[in-house]
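Participant: okay, predicted coordinates and the sequence, questions at the end:
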Amino acid sequence: MATYKDYMLFDKLPHTWCAGCGDGIILQSIAAVFAEMELDKHDITLVSGIGCFGRVDDYLDINCMHVTHGRALAAATGVALGNPELNVLVTMGDGDGTTIGGNHLIHCARRNIDLTAIIANNYNYGQTGGQYSGTTPTDSITSTSPYGHIEQNFDICKLAEAAGASYVARSTAYNPVQMRKLIRGGMEHKGFALIEVMVACPTHYGRYNRQGEAADMMKLMNEQSVPVEKARTMTEEELEGRIVTGLLVDKDREDYYTKYKKIIDAQNMDK
Amino acid sequence: MSKSVKKFIEGNNAIVDGAIAAGARFYAGYPISPSSEIAEGAAKELPRHGGVYIQMEDEISSMAALLGASLAGKKSFTATSGPGFSLMQENLGLGIMSEIPTVIFDVQRSGPSTGAATKPAQADIMQARYGVHGDHSIIALSPSSVQDCYDLSIVAFNLAEKYRTPVLFMTDEVIGHLRETVTEVEPDPSQIFNRVQPGEDVTQAEFRPYSFSSNMPAPMPAVGGRLLMRTTGSTHDEKGEFGPGPANIDRVTHYLTDKIEKNVDDITITRSYQLEDAEVAFITFGCSVRSTMTAVDILRAKGVKAGMLQLVTIWPMPEKAIRAVLSKVETVVVPEMNLGQLAGEVRKFNDYGCKVIQANRTDGVLITPKQILDRLEEK
């Protein structure tokens, strides 16, 4: 039986992330899902961008393509269409995946490229010192919103769903069992799958917003969480400030390459 | 005998045929004049060859997708013009640092910004060389005929594969939309260079995707094969792992430059026209070659010993060929459709007291033989 350890590069540990950061929990979940699915590591390609969670490839013993800030999904589109047999996984943070890379996110979802995107959302740019991102909640304090953030934040899952994503899920670093289940579901899903994972950034966001230690932030995250089944019975006011978790969208929709392959086959029928 | 067909087509069409003949099977791009015929041709032809065309949301993502597909084992290409070429610089740098082959066709137009959108220029020459931040080197070709568009496209893919780097194909609106007869000879497999693969006995423990053991790139397996592959835009060690130590940064910087600059003789192509006994020489490239050849003919008819050096490779600069001209003649004229980007490079090599005259046209109309000759007479 394979274990998560078979997919890890232990000589690279300890990892770069701060104490209390949830990125390590996602890293182990990803490797655990590979093991559960008994994947051949040669068939997996991870594409990552720049940011705290973009560093996840440093610790995984699989094919890795580490690209520029925000462009992981675009590069992964090339990988997935270049070799449709691969399991393509894309790891990004909220800045990488939805702020600088927001345009690539919606188009990748719309095209239904067969890959699995995992976005670690910690509400800020951790690697550069805690500046606000496209998911930073309104009114919160960051190093570049010292008087309170005036912008409306993105709901990543709603954005992906509106763009046509065929699999959308959300979990938190507090709940690795659920996280693994949802990541596995995304990897088994044919087409574009997005899993948003809420993680605490105690070094920056938590400190600026007086949310206490990492453990306090994890508890808060758990208190804010509502399973999607229950959320469907709640009003919009009741859901204010809550984190809706679980499998949000799961649709059968033909992926890009399956459709394109039909064109290839039709054009080569008489050859 | 290789199969060959004669066609009467535009330069942009010949580029698609050349790319497919070279083995390209993936195109990602964003439409822009005057390059769109390349996208349209790729969309039509690639699926017929089992390849994939995808129109991305912008040129940033196009460039990223090209690198992804190339890493998955497909020769990839795109076409663009000024504004799109600017957007590609970010991931062009990623391709250079990650050492992932691909080919970018820049059908140059008047700029900066939107400029005179569909009018020709040759003004991206310096951007081709220095548009990417950080020290690096680059390979760039420039065609002067539709025949070149076919033949040199194959050369461009071969260089990209051999040197494991993005290659630029700096054509222009004149050549892109010029229609002339081209003979498309299907290349023999021996004329196609495919990226070097690791030996079958190389183990994962021994495999180094970025071996620095020579001035040439390491073998490059596709992802999904026997060996795990790791590429990164970060300064990396031989394993492709993050390596930000000072010695390693210095090594990578020198390596990326040297693998091209130390192989200039292998990479560069030049052509001579009436140069042997020339007393007046022209040094030029791309569409300006056409007008310059006529200027040479006019001078020859008048008894003036004129000749032309054509730079088919514009980066790295064919320094030896340029020096050979500068050291032999008294006057060199550099015709080009910009304000002197090539002339400045020619002057860098002018240790011979040669008079270097610029002949520039920047109004979006092809430079004429008369304009070139007028500049010579003014001096």
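Facilitator: Cool, the structure landed.

Participant: per-domain residue ranges of chain B.
Facilitator: B:4-191, B:269-378 (automatic domain parsing).

Participant: now do the same end-to-end measure for the shortest one.
Facilitator: Just to be clear, that refers to domain B:269-378. With C-alpha to C-alpha, to the nearest Å as the measure, domain B:269-378 spans 31 Å from end to end.

Participant: could you do the first one as well?
Facilitator: Distance between the boundary residues of domain B:4-191 (C-alpha to C-alpha) amounts to 15 Å.

Participant: tell me the pLDDT of A:Arg110.
Facilitator: pLDDT for A:Arg110: 98.

Participant: likewise for B:Ala117?
Facilitator: Looking at B:Ala117, the pLDDT reads 87.

Participant: now the helices for the stretch 201-350 of chain B?
Facilitator: Applying DSSP state H, counting those that start in this stretch to the stretch 201-350 of chain B gives helices spanning B:246-261, B:264-267, B:288-301, B:319-326, B:341-348.

Participant: helix or strand: which one has residue 160?
Facilitator: As the question left the chain open, I've gone with chain A. helix A:156-163 (DSSP states H and E).

Participant: actually it's chain B I care about, not the one you picked
Facilitator: Going by DSSP H and E, B:Ala160 is in helix B:146-163.

Participant: could you dump that helix to PDB, C-alpha only?
Facilitator: Provided in PDB are the C-alpha atoms of helix B:146-163 (Å, rounded to 0.1, in the frame of the first residue of the first chain):
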ATOM      1  CA  VAL B 146       8.000  33.800 -48.500                       C
ATOM      2  CA  GLN B 147      10.500  31.000 -49.300                       C
ATOM      3  CA  ASP B 148      12.400  32.100 -46.100                       C
ATOM      4  CA  CYS B 149       9.200  31.900 -44.100                       C
ATOM      5  CA  TYR B 150       8.900  28.200 -44.900                       C
ATOM      6  CA  ASP B 151      12.600  27.200 -44.800                       C
ATOM      7  CA  LEU B 152      13.600  29.400 -41.800                       C
ATOM      8  CA  SER B 153      10.600  28.200 -39.800                       C
ATOM      9  CA  ILE B 154      12.100  24.800 -39.900                       C
ATOM     10  CA  VAL B 155      15.500  26.200 -38.900                       C
ATOM     11  CA  ALA B 156      13.800  28.100 -36.000                       C
ATOM     12  CA  PHE B 157      12.300  24.900 -34.500                       C
ATOM     13  CA  ASN B 158      15.600  23.100 -34.900                       C
ATOM     14  CA  LEU B 159      17.500  25.800 -33.100                       C
ATOM     15  CA  ALA B 160      14.800  25.900 -30.300                       C
ATOM     16  CA  GLU B 161      15.100  22.100 -29.800                       C
ATOM     17  CA  LYS B 162      18.900  22.000 -30.000                       C
ATOM     18  CA  TYR B 163      19.500  24.900 -27.700                       C
END
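
Participant: average pLDDT for it?
Facilitator: For helix B:146-163, mean pLDDT rounds to 98.

Participant: quick check, that helix touching chain A?
Facilitator: No: Helix B:146-163 is not in contact with chain A by C-beta under 8 Å from any C-beta of the partner chain; minimum separation 15.1 Å. To be clear about C-beta, it is placed using only N, CA and C from the backbone, and glycine gets the same treatment.

Participant: quick one: contacts of the helix or strand just after that helix?
Facilitator: Later in the chain than helix B:146-163, the nearest helix or strand by DSSP H and E is strand B:166-172. For strand B:166-172, the surrounding residues in contact (C-beta atoms under 8 Å, 6 or more residues apart in numbering or on different chains) are B:11, B:15, B:92, B:95-96, B:100-109, B:120-122, B:124-125, B:128, B:138-143, B:149, B:152-153, B:156-157, B:159-160, B:286-287, B:314-315, B:337.

Participant: distance between the helix or strand following strand B:166-172 and the chain's centre?
Facilitator: Note on strand B:166-172: by DSSP H and E, the next helix or strand toward the C-terminus is helix B:173-177. Relative to its parent chain, helix B:173-177 has a centroid offset of 15 Å by C-alpha atoms, centre = their mean, to the nearest Å.

Participant: chain center to the helix holding A:Ala160, what's the gap?
Facilitator: 13 Å.

Participant: can you name every helix or strand that it contacts?
Facilitator: helix A:102-111, strand A:167-172, strand A:192-198, strand A:243-250 (3 or more C-beta pairs under 8 Å, 6 or more residues apart in numbering or on different chains; DSSP states H and E).

Participant: to A:Ile25, which of the domains of chain B lies closest?
Facilitator: Of all the domains of chain B, domain B:4-191 sits nearest to A:Ile25, with 27.6 Å by C-beta to C-beta.

Participant: tell me which residue in the stretch 101-250 of chain A sits closest to chain B.
Facilitator: Proximity to chain B, evaluated over the stretch 101-250 of chain A using C-beta to the nearest C-beta, is greatest for A:His107 at 4.4 Å.

Participant: now for the spatially closest residue to that residue that is not a sequence neighbour, how many residues are close by?
Facilitator: Distances taken as C-beta to C-beta, 6 or more residues apart in numbering or on different chains place B:Glu57 nearest to A:His107, at 4.4 Å, with adjacent residues excluded. The number of residues packed near B:Glu57 is 17, by other C-beta atoms under 10 Å in any protein chain shown.

Participant: spit out the contact partners of the residue nearest in space to the middle of chain B.
Facilitator: Residue closest to the average C-alpha location in chain B (C-alpha atoms, centre = their mean): B:Ala140, at 2.5 Å. Contact analysis of B:Ala140 by C-beta under 8 Å, 6+ apart lists B:125, B:128-129, B:167-170, B:313-315.

Participant: so can I have a markdown table of those residues showing pLDDT and neighbour count?
Facilitator: Formatted as a markdown table, the contacts of B:Ala140 follow (pLDDT from 0 to 100; neighbours: other C-beta atoms under 10 Å in any protein chain shown):
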| residue | pLDDT | neighbour count |
| --- | --- | --- |
| B:Ile125 | 98 | 25 |
| B:Ala128 | 98 | 24 |
| B:Arg129 | 98 | 19 |
| B:Val167 | 99 | 26 |
| B:Leu168 | 98 | 27 |
| B:Phe169 | 98 | 29 |
| B:Met170 | 98 | 23 |
| B:Thr313 | 98 | 21 |
| B:Ile314 | 98 | 24 |
| B:Trp315 | 98 | 25 |
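
Participant: which two among the residues you listed are spaced furthest apart?
Facilitator: So, the contacts of B:Ala140 by C-beta to C-beta: farthest apart are B:Ile125 and B:Val167, at 15.1 Å.

Participant: contact partners for B:Lys75?
Facilitator: B:22-26, B:101-103, B:157, B:160-161.

Participant: mind running it again at 6 Å?
Facilitator: Shown in contact with B:Lys75 (C-beta atoms under 6 Å, 6 or more residues apart in numbering or on different chains): B:23-24, B:157.
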